[in-house]
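A.B. asks: Here's my sequence, what's the structure:
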Amino acid sequence: MIRRWYLYAVSGITLQAVTWAVIGLLRGLLAGAGGALPQSTSLQLSVVLIGLPIFGLHWRWAQREAREPELALRNEARPVYVHAMLLAFVFPLLFSAFWLIEAGLQQLANTTTGSLFPEATAGESVVALLVLASMLWYFNAQRLHLAARFADDVFYSGVQRLAALLLAFCSLSVVLSNAASLLGWLLFELSPQPAGLVFAALPRAEVAALLTGTGAWLLAWRFAQRLFAGGAVAERQSVVRKLYLYVLLFAGMFTTVTNLALVLGGALRALLGLPAVGDWQPLAAGVIVFGFIWAYHAAVLRADDAQAQLLGGQLVVRRLYLYLAAALGLGAVLVGLGGLLTVLIRWPYESDQREPLALVSATLLAGLPVWALAWRAVQSAAHASAEERHSSLRRGYLYFFLLLAVLGVLTSTVFVVARLINLMLSVNVQEVLPGTAQAVGYGLLSAALWLVQQRLLAADRAVEDALAQTALAGQRAILLLPAGDAFTHALQSALQAAHPGLQVLVQSAAPDAALPDSGLLLLPATLAARIPAGARALLLPLPVPGADWVALEPAREQELLRHAVSAVTQVLAGEAVRPFRGWTVGTVLAVAGGGLLLLALLAIPLVLGITMLLD
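C.D. replies: Below is the predicted model of the structure:
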């Protein structure tokens, strides 16, 4: 395995070095036609003369291994190498295509003269395109050969999918930035301009980048779509594909909402009679371009979900997107509500509150639909699935905003108390009242957020309790222990307290009587041989006179009760029985240290916020 990775690593490095040395040599010959060659020719020729034999030797060894059937079946390095080389050649090929298109656009009238790479020429681009295209042709042939041999191999499919989506993501990023820039330029040119302002030149660098990126994205995305349409199980259950789609969905949503908030802010400024700040065209272009990306990838996800059910990691990716969107939307809503509260309180004391009113109103209007849509989807999934209610992301979301609410109440309370002390020290009431009213408002807003989060947590617990009661209906646990024993009574009480709907019966196991074959049996290990076939039983490591347990420390009564209750809980939940692990000294110290660190980190912004309010 290590030898194989070594062969492909050396082959890849030397081939890249030789390829670029050949490109440099050809560019030098082109530039030095009819004159002296560049001084770098000797270095490039040396790289070719030394690197080519090294590559040929290692590639021959790698090819020989790939032809052996036994080694080829376990060869995970080869698909990684082939697709890595394809990406390593396709990205510079796209740059060369960009330079060539930009050079062609330079011949058009009314285009900008600036360039991202002013020293690149059409001839150099053509040379690079020819060499890189030949390398891409060779490695694509290698890819097709691998695809024919390992079409159903999960690892090969994963590498192929990752390479296609990586190219699609990078090229789409280029398309989005340049499409937004060009659309902003177009909207600026089409909008009414002051007299004497001439039509700006076409930005050829953005046009070249848009054309190059669009071509690459179409190629990579159509290939990824064909893989998914093929119906392979690995494609339908791919987490990488879902991650790609949801990352773009979140980026489209975030950028659209941000730009939309700024556009709404500008419109509200105009309605309130305030002068415009900045240009609206780039913001509108961002809304259009990223809004389209948001809608398109949402449609792709709906089509995917109609063809294949979400499983495992795919559900985690979807859940992460929804909770991030809900958190973003709720954060914008809280900022907007807090800002509106501030404006209303300060309006009688400060002359002009139109500018902050426009800003916070736009934030609220942009964030509210995002939160409502995401939270509706989250709540619908939580009502239908226990896994969704138990997810760490849901708990993290609820408790994060619960923590923010507590900090808000704490900050507001401290501020109000400090202002009251200042008032008692004969400070001017007119200076104290506005800030105090604002702090009280923030405190009430934080308290409302705390109540909402607590009600959501309580609702989740109520649903779980109701489901647990329903699941326990008709269930029973049978303790095959002495009826008058103190441990038996303690275990019966502990089980009834932990599971109120569970029937806990005590039954003595007579030597000649058959054990029950229904219900959950809890019995000493000495009765293990008498357990009926098909019965579910838990063995209790109780002391046996004249015998010792091997590799098992004697358990105290309270510890054994905790282990027994935990095991019954796991069986009733359909989980595998695992030992109950209490907190060790190291765990306690680690949690205490982490808690103190978290308090210290939270105390810093808390103190700064209170200080700023007091100032």
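A.B. asks: Going by C-alpha atoms from here, please, whenever you check contacts or count neighbours.
C.D. replies: Noted.
A.B. asks: can you give me the helices in the stretch 151-300 of the chain?
C.D. replies: 154-190, 204-229, 233-236, 239-271, 281-307 (DSSP state H, counting those that start in this stretch).
A.B. asks: where among those helices is the average confidence lowest?
C.D. replies: Sorting the helices of the stretch 151-300 of the chain by mean pLDDT places helix 233-236 lowest, at a mean of 77.
A.B. asks: ok, residues contacting that one?
C.D. replies: With contact meaning CA atoms under 8 Å, 6 or more residues apart in numbering, helix 233-236 is reached by 154, 157-158, 227-228, 308.
A.B. asks: Among these, which one sits closest to Gln281?
C.D. replies: Phe228 (37.7 Å; CA to CA).
A.B. asks: Tally up the residues packed near the closest one, please.
C.D. replies: Phe228 has 20 neighbours, counted by other CA atoms under 10 Å.
A.B. asks: which residue sits closest to it, ignoring its sequence neighbours?
C.D. replies: Excluding its sequence neighbours, the residue lying closest to Phe228 (CA to CA, 6 or more residues apart in numbering) is Glu235, at 5.4 Å.
A.B. asks: Rank the helices and strands of this structure by mean pLDDT and give me the bottom one.
C.D. replies: Ranked by mean pLDDT, DSSP states H and E, the weakest helix or strand in the chain is helix 69-73, scoring a mean of 54.
A.B. asks: the domain parsing of the protein - what is it?
C.D. replies: Residue ranges for the domains of the chain, per automatic domain parsing: 1-75, 396-466, 476-543+554-572.
A.B. asks: Gly336 is nearest to which of those domains?
C.D. replies: Of those, the one closest to Gly336 (CA to CA) turns out to be domain 396-466, at 11.5 Å.
A.B. asks: any idea of the mean pLDDT in the closest one?
C.D. replies: Rounded mean pLDDT across domain 396-466 is 79.
A.B. asks: Repeat that for stretch 553-565.
C.D. replies: On average, stretch 553-565 scores 80.
A.B. asks: neighbouring contacts of that stretch?
C.D. replies: Contacts for stretch 553-565 (CA under 8 Å, 6+ apart): 487, 490-491, 494-495, 498, 540-541, 543, 579-580.
A.B. asks: Tell me the buried residues within those residues.
C.D. replies: 487, 491, 494-495, 540-541 (16 or more other CA atoms under 10 Å).
A.B. asks: could those go into JSON lines alongside distance to Thr470 and pLDDT?
C.D. replies: Output for the buried ones among the contacts of stretch 553-565, formatted as JSON lines (distance: CA to CA, whole Å; pLDDT from 0 to 100):
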{"residue": "Phe487", "distance to Thr470": "29", "pLDDT": "86"}
{"residue": "Leu491", "distance to Thr470": "23", "pLDDT": "88"}
{"residue": "Ala494", "distance to Thr470": "20", "pLDDT": "89"}
{"residue": "Leu495", "distance to Thr470": "17", "pLDDT": "86"}
{"residue": "Leu540", "distance to Thr470": "27", "pLDDT": "84"}
{"residue": "Pro541", "distance to Thr470": "31", "pLDDT": "84"}
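A.B. asks: Filter those residues down to the ones in strands?
C.D. replies: Among the buried ones among the contacts of stretch 553-565, the members falling in strands (DSSP state E) are Leu540.
A.B. asks: wait, which of the buried ones among the contacts of stretch 553-565 is closest to Leu187?
C.D. replies: Using CA to CA, the buried ones among the contacts of stretch 553-565 come closest to Leu187 at Leu495, 71.1 Å.
A.B. asks: What is the burial count for the closest residue to that closest one other than its chain neighbours?
C.D. replies: Among residues not flanking Leu495 along the chain, Val565 sits closest, at 6.0 Å (CA to CA, 6+ apart). Close neighbours of Val565, defined as other CA under 10 Å, add up to 19.
A.B. asks: how close does Val565 get to Ala62?
C.D. replies: 58 Å (CA to CA, to the nearest Å).
A.B. asks: Show me what the longest helix along the chain is packed against.
C.D. replies: For the chain, the longest helix by residue count, based on DSSP state H, is helix 429-472. Packed against helix 429-472, as judged by 3 or more CA pairs under 8 Å, 6 or more residues apart in numbering; DSSP states H and E, are the following elements: helix 313-346, helix 392-424.
A.B. asks: which of these is buried the deepest?
C.D. replies: helix 313-346 (a mean of 20; mean count of other CA atoms under 10 Å).
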